[in-house]
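Chemist: For reference, the sequence and a predicted model appear below.
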Amino acid sequence: MNEIVKPRRRFFARAAAAATALVLTGCDRLSRTAWFPRVLAVADKWNYNVAHAVTPRSAMAQEFAESDRSPQFRSNGTADPGTDEYHALAASGFADYRLAVAGMVGQPKSFSLADLRALPSRTQITRHDCVEGWSAIAKWKGVKLSAILDIVKPAPGARYVMFFCADPMEEDGTDFYYESIDMDDAHHPQTILAYELNDAPLPVANGAPLRLRVERQLGYKHAKYVTAIAFVDTFGNVAGGKGGYWEDQGYQWYAGI
Amino acid sequence: MPQDEGRAAPSRSYLYDRHKLPVRVMHWINVVALTIMFMSGLQIFNAHAELNWGKSSYDGTPPVLTISSRESASGKITGYTRIFGHEFDTTGVLGASTAANGRTVRAAFPSWLTIPGNKWLSLARSWHLFFAWLFVVNGIAFVLYAIFSRHLARDLTPTNADLKGIGASIKDHLKFRHPSGEASKRYNVLQKFTYLIVIFVLLPLIILMGFAMSPWLDSLFAGWVDLFGGRQAARTIHFIVAWLLVAFVLIHVLEVIITGLWNNMRSMITGRYRVTEEAGRE
């Protein structure tokens, strides 16, 4: 046996053991640092940029046949906002519901459900992809967000549309759900505020009376129980500053992947 | 080679430059990227530990795979795995396992197999989608290198002689008999086919099925995901290919060990491989 080989073998054995330990415990330690998840999040920007570069702006999410619809559309997250205000609205069939649209717009406006139903609508059978991994297919009907844009006329500086919701995410009734999308998605023909699910009024469990459908992104972007919309140039000053309830918990703002 | 019957024939050995630097660097980058992608992928799977075939998860047909757990009236937790309706008790590994702190955790894959170890979908996605870039860029670099350096044509493409020797090579592998001397400098025919399948079938397929799970990239060509059976089928294929890659790695590492662990490791680190000419054998 070569004299140099033994120490070298020992070195390799130790290196291999160290590498294994590094993978098993090092990754968890890195996960808990403040800086490492920020490094990983750099890929979110690459994903957004490359996905937008390769996909035409108007590329349509796949639409399905009636027969592809899931027997029941799963309710995930909030199934009932649970507040007195919401229950009062629901009790009257959302007759007193108003959608407030404000922020960087030429014409702030508030819409009743009847107002929204009178605007140009779109019906689409699409697949809902949850970040957890499951998918469900359903038929949605709603007002095209672009129709609302035509009425309120966003200012040229508006970069994002924010959606504020009626469902508190904390037990004590605070931390209301919210989301945001960019202006490209806001103009997309399949981006609608749905008031019907499978040919019936949107049920409470699925976001009554109005929920966002932004079909080329994952489920958590599709805010339920929407009560207000704001056009902004930044969302950094709202709640956790990441543009949405789940984004504030570490989920990616761009949920097209 | 003439052989001297009287004395033990001396075996001649020398170092041979087996793996070029770019191949070695890309090999180890791939080890890191694939390990992290596999382990973070299992953590992502844990968020919905079911696989379906079809366009959606809820089309009336039962899942092809479920990993879950149930608690008895007495509080005993049982982990189970159900494949095509057949249920197996997998307590301890799948469905329910013991974490480092001794607690029983009801998760599909155990914490020692996932990144991060505890339930943490958002960060698992961050790990997965970051290292996906490293993996894809590295993979593209390798394929370009393999083509233009002629590594693909010279070392990976089976020759006519290789093809004629498939039967013999299968027998050799089953008997754990491996070439020495001049023949050990080249990849054998089964090795070549395995590498080609991994590089040009499994890895591109797992990437494509990753794309198929992206609702954004699904819109690139309407309905392309249905060519693979739909989005949930794509998720199932992604999962199966991940485990095929694990099977490849296990066989690969087994072959590395039985054909000379340290010689092989050195050749993939420094490039140098010791070729031993066995006396008396052509």
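Modeler: Thanks, I have the structure now.

Chemist: Leaving out the residues flanking it, which one is nearest to residue 54?
Modeler: Picking chain A for this. The shortest distance from A:Val54 to any non-neighbouring residue, by C-beta to C-beta, 6 or more residues apart in numbering or on different chains, is to B:Leu220 (6.8 Å). For every residue, glycine as well, the C-beta is placed using N, CA and C.

Chemist: Oops, wrong one, chain B.
Modeler: B:Gly230 (4.9 Å).

Chemist: just checking, the one you found touches B:Met209?
Modeler: No - the pair B:Gly230 / B:Met209 is not scored as a contact, 11.4 Å apart, by C-beta atoms under 8 Å.

Chemist: Show the backbone phi and psi for residue 138.
Modeler: With no chain named, the answer covers chain A. Backbone torsions of A:Ala138, given as degrees, to the nearest 10, read phi -150, psi 170.

Chemist: Let me rephrase: I mean chain B.
Modeler: phi -60, psi -40.

Chemist: Let me know the secondary structure of the residue lying closest to it once chain neighbours are set aside.
Modeler: Nearest non-adjacent residue to B:Asn138, counting by C-beta to C-beta, 6+ apart: B:Ile29, 4.7 Å away. Put simply, B:Ile29 is helix when judged by DSSP: H, G, I helix; E, B strand; the rest coil.

Chemist: okay, B:Ile29: pLDDT?
Modeler: B:Ile29 is assigned a predicted lDDT (pLDDT) of 97.

Chemist: just to revisit the earlier point, how much space between the residue nearest to B:Gly54 and A:Val39?
Modeler: 35 Å (C-beta to C-beta, to the nearest Å).

Chemist: So for these two, which residue has more residues nearby?
Modeler: B:Gly230 (25 against 12; other C-beta atoms under 10 Å in any protein chain shown).

Chemist: Could you check how far the more buried one is from B:Pro204?
Modeler: 19 Å.

Chemist: before we move on, what about A:Cys130?
Modeler: Look at A:Cys130 and B:Pro204: by C-beta to C-beta, they are 27 Å apart.

Chemist: Name the residue in these two with the higher neighbour count.
Modeler: Ranked by neighbour count (other C-beta under 10 Å), A:Cys130 and B:Pro204 place A:Cys130 first, with 18 against 13.

Chemist: contacting residues for that one?
Modeler: Listed by C-beta atoms under 8 Å, 6 or more residues apart in numbering or on different chains, the contact set of A:Cys130 reads A:76, A:218-220, B:48.

Chemist: The same query, at a cut-off of 6 Å, please.
Modeler: A:Gly219 (C-beta atoms under 6 Å, 6 or more residues apart in numbering or on different chains).

Chemist: My read is that the residue nearest to B:Asn138 contacts B:Gly139, right?
Modeler: No - using C-beta atoms under 6 Å as the test, B:Ile29 is too far from B:Gly139 to be in contact (9.5 Å).

Chemist: what residues go with each domain of chain B?
Modeler: Domain ranges of chain B: B:12-47+B:119-277, B:50-108, per automatic domain parsing.

Chemist: nearest to A:Ala59, of those?
Modeler: domain B:12-47+B:119-277 (4.1 Å; C-beta to C-beta).

Chemist: Next up, identify which helix or strand residue 140 is on.
Modeler: All of this is about chain A. Here A:Trp140, judged by DSSP states H and E, is contained in strand A:135-144.

Chemist: wait, I meant chain B there
Modeler: Per DSSP H and E: helix B:121-148 holds B:Ile140.

Chemist: quick one: low-confidence parts of the stretch 101-250 of chain B?
Modeler: Counting by pLDDT under 70, the stretch 101-250 of chain B contains no low-confidence residues.

Chemist: Smallest gap between it and chain A, at which residue?
Modeler: The nearest approach of the stretch 101-250 of chain B to chain A comes at B:Trp216, 2.9 Å away (C-beta to the nearest C-beta).

Chemist: show me what contacts the closest residue to that residue other than its chain neighbours?
Modeler: Leaving aside its chain neighbours, B:Trp216 sits nearest to A:Gly256 (2.9 Å; criterion: C-beta to C-beta, 6+ apart). The neighbours of A:Gly256, taking C-beta under 6 Å, 6+ apart as the test, are A:51, A:216-217, B:216.

Chemist: Show only the entries of the residues you listed found in helices.
Modeler: A:51, B:216 (DSSP state H).

Chemist: In the contacts of A:Gly256, find the pair that's most separated.
Modeler: A:Ala51 and A:Gln217 (10.3 Å).

Chemist: Comparing the two, which shows the higher neighbour count?
Modeler: Shown here are A:Ala51 and A:Gln217; by other C-beta under 10 Å, A:Gln217 has more neighbours (26 against 19).

Chemist: pretty sure that one is touching A:Ala255, no?
Modeler: Yes - between A:Gln217 and A:Ala255 there is a contact under C-beta under 6 Å: 4.4 Å.

Chemist: No more questions from me, cheers.
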